[in-house]
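Q: any chance you can model this:
(one chain, ligands or ions: 2)
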Amino acid sequence: MKIALTYNLKEKDESKPPDYFSEFDSEATVNSITSAIGKIGHQVLGVNVSKSDLFTYFKKNPVDMVFNIAEGKHGRFRESEVPAVLDYLNIPYTGSSSFSLALALNKALTKKILKAENIPTPNFQVFSKGSEEMDIDLKFPLIVKPNCEGSAKGINKHNVVTNKADLLQVVKETIKLYNQQALVEEFIEGKELTVGVLENGKCKTLPILEIDFENCKQSGEYFYSWRMKEYQGNTALGLVPVFHCPARLDKEVEERVKDVVLKTHRAVGCLDISRTDIRLDKNNVPYVLEINPLPGLDPKESNFPIMAYAAGMKYEELIEAIIKSASERTGFN
Ligand SMILES: Nc1ncnc2c1ncn2[C@@H]1O[C@H](COP(=O)(O)OP(=O)(O)OP(=O)(O)O)[C@@H](O)[C@H]1O
Ligand SMILES: [Mg+2]
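A: Ligands and ions are numbered 1, 2, ... in the order given. Down below sits the predicted model:
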């Protein structure tokens, strides 16, 4: 097959805030996927979505399928842009539809669906101004997040608050800085888990990944904040989370987590691949924080490949499984 890889490459621009390009992919990721698709035996074309007019590009360069990891260019529905264009051009692509990508990018809307499906997710309130009355049922500590970002953008340790004055301050800052609603959630103390779903023939979970921040305490960071993600592995900064895959869980808890994750993948309508972030509370209730239909695929750094390796897959096999899942769905082989 002739496959185009659609991506947004990280850029360097000192005039932008430090987390501006965090969602975008590194050259290492793009090169690794390109080389994996080539090794599988397909012809591959790279398309940096930030620099391309997709309509013109695909008219000039017809392809059989797109391997999509692009985060899109603008606004609240940016991850939907590429799938929407590909649907218009009738080109099959890997991964979720524009609908699921837009939904998952809106954390509060996703949580409403999860609640309707009886999937545990932390209690929450959305603030549009910062002057709203606080919901009296919400229990501190709370965490404030931009409602429509990823890669932990706008999520730092001072976003965890223990009183109303701090809450409203951080809510206002978040709304202003990210020009969007702020999501306020109960902060779930407990194990951090993330779980990959790969629909290779069947909709299946990969071994659960537990991320342990115990070793990072001296750095002052204690959860998967932006700083933790950005500088993960930096020993001088003490940002050295320990990964356990499979996670250290009882069989029964493991099954409960996997069940919740598969239900989440289906409730949001994800296809081929997704990664769901979970916090396990002291009663072992798995609370879904969010689902990522475009999980990072850096072969060394990203959570999803770590889970695939624990399942015995090589990087090429992971990429092949995603293509196979999409091919079977769309009728290509
Ligand atoms: N309600 C919560 N309780 C405890 N920790 C939380 C909560 N919400 C967020 N966190 C912490 O902040 C991290 C980032 O939050 P979240 O996954 O919602 O943001 P994101 O930017 O979409 O992440 P990603 O980088 O996976 O795209 C979580 O992995 C977790 O460590
Ligand atoms: Mg997350």
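
Q: how about Leu183, nearest residue that isn't a chain neighbour?
A: Spatial nearest neighbour of Leu183, chain neighbours left out: Asn147 (4.4 Å); criterion: C-beta to C-beta, 6 or more residues apart in numbering. C-beta: built from backbone N, CA, C; applies to glycine.

Q: check contacts around the one you found.
A: Counting by C-beta atoms under 8 Å, 6 or more residues apart in numbering, Asn147 makes contact with Asn106, Lys107, Ala108, Val126, Gln180, Gln181, Ala182, Leu183.

Q: measure it to ligand 1 for me?
A: Using C-beta to the nearest ligand atom, to the nearest Å, Asn147 is found at 10 Å from ligand 1.

Q: and if you look at Ala104?
A: Counting by C-beta to the nearest ligand atom, the separation of Ala104 from ligand 1 is 9 Å.

Q: my read: that residue touches Val268, true?
A: Yes - with contacts counted by C-beta atoms under 8 Å, Ala104 reaches Val268, the gap being 5.5 Å.

Q: can you pull the residues that touch both of the two?
A: When contacts are counted by C-beta under 8 Å, 6+ apart, Ala104 and Val268 are jointly contacted by Ser96, Thr110, Ile291, Pro293.

Q: what's the helix or strand for the third one?
A: If you go by DSSP states H and E, Ile291 is part of strand 286-292.

Q: give me phi/psi at Phe243?
A: The phi/psi pair for Phe243 (degrees, to the nearest 10) reads phi -100, psi 130.

Q: give the burial count for it, as a bare number.
A: For Phe243, the neighbour count with other C-beta atoms under 10 Å is 15.

Q: beta partners for it?
A: Beta bridges link Phe243 to Ile211, judged by DSSP bridges.

Q: ok, it - contacts?
A: Residues counted as contacts of Phe243 (C-beta under 8 Å, 6+ apart) are Leu209, Glu210, Ile211, Asp212, Ile306.

Q: which per-residue confidence value corresponds to the residue in the stretch 1-150 of the chain that ligand 1 sits nearest to?
A: Nearest residue of the stretch 1-150 of the chain to ligand 1, counting by C-beta to the nearest ligand atom: Gly150, 3.4 Å away. pLDDT for Gly150: 84.

Q: equivalent analysis for Lys204, please.
A: For Lys204, pLDDT reads 92.

Q: same question, Glu14
A: pLDDT at Glu14 comes out at 78.

Q: I'd like the distance between it and Tyr20.
A: From Glu14 across to Tyr20, the span is 10 Å (C-beta to C-beta, to the nearest Å).

Q: neighbour count for these two, which is higher?
A: Using other C-beta under 10 Å as the criterion, Glu14 and Tyr20 rank with Tyr20 on top: 13 against 5.

Q: in three-state terms, label the more buried one for me.
A: Per DSSP: H, G, I helix; E, B strand; the rest coil, the secondary structure class of Tyr20 is coil.

Q: returning to that earlier point: taking the contacts of Asn147 one by one, which sit in strands?
A: Judged by DSSP state E, strands contain the following of these: Val126, Ala182, Leu183.

Q: any chance of the residues you listed in TSV with pLDDT, distance to Ser80 and neighbour count as columns?
A: Below are the ones in strands among the contacts of Asn147 laid out as TSV (pLDDT from 0 to 100; distance: C-beta to C-beta, whole Å; neighbours: other C-beta atoms under 10 Å):
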residue	pLDDT	distance to Ser80	neighbour count
Val126	98	21	18
Ala182	97	22	27
Leu183	98	20	24
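
Q: any chance of JSON lines for these, columns distance to Leu45?
A: JSON lines is the format used below for those (distance: C-beta to C-beta, whole Å):
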{"residue": "Val126", "distance to Leu45": "41"}
{"residue": "Ala182", "distance to Leu45": "40"}
{"residue": "Leu183", "distance to Leu45": "38"}
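
Q: that older thread, which two in the contacts of Asn147 are spaced the farthest apart?
A: Put simply, by C-beta to C-beta the two of those set farthest apart are Asn106 and Ala182, 12.9 Å from each other.

Q: do a quick rundown of the helices in the stretch 101-250 of the chain.
A: Along the stretch 101-250 of the chain, counting by DSSP state H, counting those that start in this stretch, helices occupy 107-116, 164-178, 226-230.

Q: residues of this protein that sit close to ligand 1?
A: For the chain, the contact set with ligand 1 under C-beta under 6 Å from any ligand atom comprises 122, 143, 145, 149-153, 155, 185, 187-188, 192, 223-224, 229, 277, 279, 289-290, 292.

Q: quick one: buried ones out of those residues?
A: Among those, those classed as buried by neighbour count (16 or more other C-beta atoms under 10 Å) are 122, 143, 145, 149-153, 155, 185, 187-188, 192, 223-224, 229, 277, 279, 289-290, 292.
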